[in-house]
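1. Got a predicted model here, sequence first, then my questions.
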Amino acid sequence: MPNNKVISHEDWLKARRELLAAEKEFTRQRDALTRRRMALPWERVEKSYQFEGPSGALSLADLFAGRSQLIVYHFMLGPDWEEGCKSCSFWADNFNGIPIHLNHRDVTFTAVSRAPLAMIDAYKKRMGWSFPWVSSYGSDFNFDYQVSFTPQQIAEGKAYYNYKIAPNTPSERVGISVFYKNDVVRSSTLIRATRAAWICSTAPTTTSISLQRAAMRTASNSRWNGSADTISIEGISFPKAPQTGSRNTN
């Protein structure tokens, strides 16, 4: 804890009001950035992906669980890891309560890791978690969404993470991918709405995701129709103390 200067109440109030003005300006800038993020074009998902959940094989479309929007948290747990990333585990300590709130807003949440399902389930049990978490083991999903890297990419310093080359990266990195499902006449179109990633460390930086409920794309034309209601997940920083060390719920 820094040993800050001690001043009078009047001087402190003046300094605090100056800081408040700067905070409000930052909020306006962040709101403008959020509007830019929401206006980004979307990317069609052309590839099929397979996952394994408690009930068996799942496609990416299955992960939506009947809703139009999907938030994927890329949890750092590789097939050769002994346990999950400690910073991802900090965030995950706050995941149990959020799926029901998202579900009521036509959003499904799931964590995805490249570790086999048995490893995921064992770690999930150890940590006492109940949120949805599936395995992408054997799939290209993590590699295509640039949160997992091959030994060759790592050795050659060519791993691409957070929209740039990231030398000296571990095999797994953290991120969030957001998808929108568009049901048209005879098919289902999956669209990647946005993706965010950040460096996972013992003091992870926060990010903000805004998921636009933009509307159905009609089969007859390329225009977007309907409402543009939004939901926001600011910071992904839920007020709960981090857990340290091992945990056993038995």
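-> Done, it's in.
2. quick one: contacts for the residue lying closest to Phe95 once chain neighbours are set aside?
-> Excluding the flanking residues, the one nearest Phe95 by C-beta to C-beta, 6 or more residues apart in numbering is Phe131, at 4.2 Å. Placement of C-beta: from N, CA and C, glycine included. Taking C-beta atoms under 8 Å, 6 or more residues apart in numbering, we find Phe131 in contact with 92, 95-96, 98-99, 109-111.
3. Next one, pLDDT for the closest residue to Lys47 other than its chain neighbours please.
-> In this structure, Lys47 finds its nearest non-sequential neighbour in Asp144, 6.8 Å apart by C-beta to C-beta, 6+ apart. Note on Asp144: pLDDT of 94.
4. Now do the phi/psi pair for Asp144.
-> For Asp144, the backbone dihedrals (degrees, to the nearest 10) come out as phi -70, psi -30.
5. Could you give the number of residues near it?
-> Per other C-beta atoms under 10 Å, the neighbour tally for Asp144 reads 13.
6. Likewise for Leu19?
-> 10.
7. now for the top helix by length along the chain, which elements pack on it?
-> Secondary structure of the chain per DSSP state H: the longest helix is helix 9-38. Helix 9-38 sits against strand 207-213, with contacts defined as 3 or more C-beta pairs under 8 Å, 6 or more residues apart in numbering; DSSP states H and E.
8. pLDDT averaged over the strand it packs on, what's the number?
-> 34.
9. now stretch 58-73
-> Mean predicted lDDT for stretch 58-73 stands at 95.
10. what does stretch 178-187 give?
-> 65.
11. what do you get for stretch 13-32?
-> 98.
12. re the thing from before, packing partners for the helix or strand following the longest helix of the chain?
-> Downstream of helix 9-38, the next assigned helix or strand under DSSP states H and E is strand 43-44. Using 3+ C-beta pairs under 8 Å, 6+ apart, the elements in contact with strand 43-44 are strand 188-197.
13. what kind of secondary structure is the most centrally placed residue in the chain in?
-> The centre of the chain sits closest to Ile176, judged by C-alpha atoms, centre = their mean, with a distance of 2.3 Å. With DSSP: H, G, I helix; E, B strand; the rest coil as the basis, Ile176 sits in strand.
14. In PDB, list the C-alpha atoms belonging to stretch 131-149.
-> C-alpha atoms of stretch 131-149 as PDB (Å, rounded to 0.1, in the frame of the first residue of the first chain):
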ATOM      1  CA  PHE A 131     -21.400 -23.700 -15.000                       C
ATOM      2  CA  PRO A 132     -21.400 -25.200 -18.400                       C
ATOM      3  CA  TRP A 133     -18.000 -26.300 -19.600                       C
ATOM      4  CA  VAL A 134     -17.200 -28.400 -22.700                       C
ATOM      5  CA  SER A 135     -14.200 -29.900 -24.300                       C
ATOM      6  CA  SER A 136     -12.900 -29.000 -27.800                       C
ATOM      7  CA  TYR A 137     -10.300 -31.800 -27.600                       C
ATOM      8  CA  GLY A 138      -9.500 -33.100 -31.100                       C
ATOM      9  CA  SER A 139     -11.100 -30.000 -32.800                       C
ATOM     10  CA  ASP A 140      -9.600 -27.000 -34.500                       C
ATOM     11  CA  PHE A 141     -11.800 -24.600 -32.600                       C
ATOM     12  CA  ASN A 142      -9.200 -23.300 -30.200                       C
ATOM     13  CA  PHE A 143      -6.500 -23.000 -32.900                       C
ATOM     14  CA  ASP A 144      -8.900 -21.300 -35.400                       C
ATOM     15  CA  TYR A 145      -9.900 -18.800 -32.700                       C
ATOM     16  CA  GLN A 146      -6.300 -18.200 -31.800                       C
ATOM     17  CA  VAL A 147      -6.300 -19.200 -28.100                       C
ATOM     18  CA  SER A 148      -4.300 -22.400 -28.600                       C
ATOM     19  CA  PHE A 149      -1.000 -22.900 -30.400                       C
END
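15. Right, I'll call it a day here.
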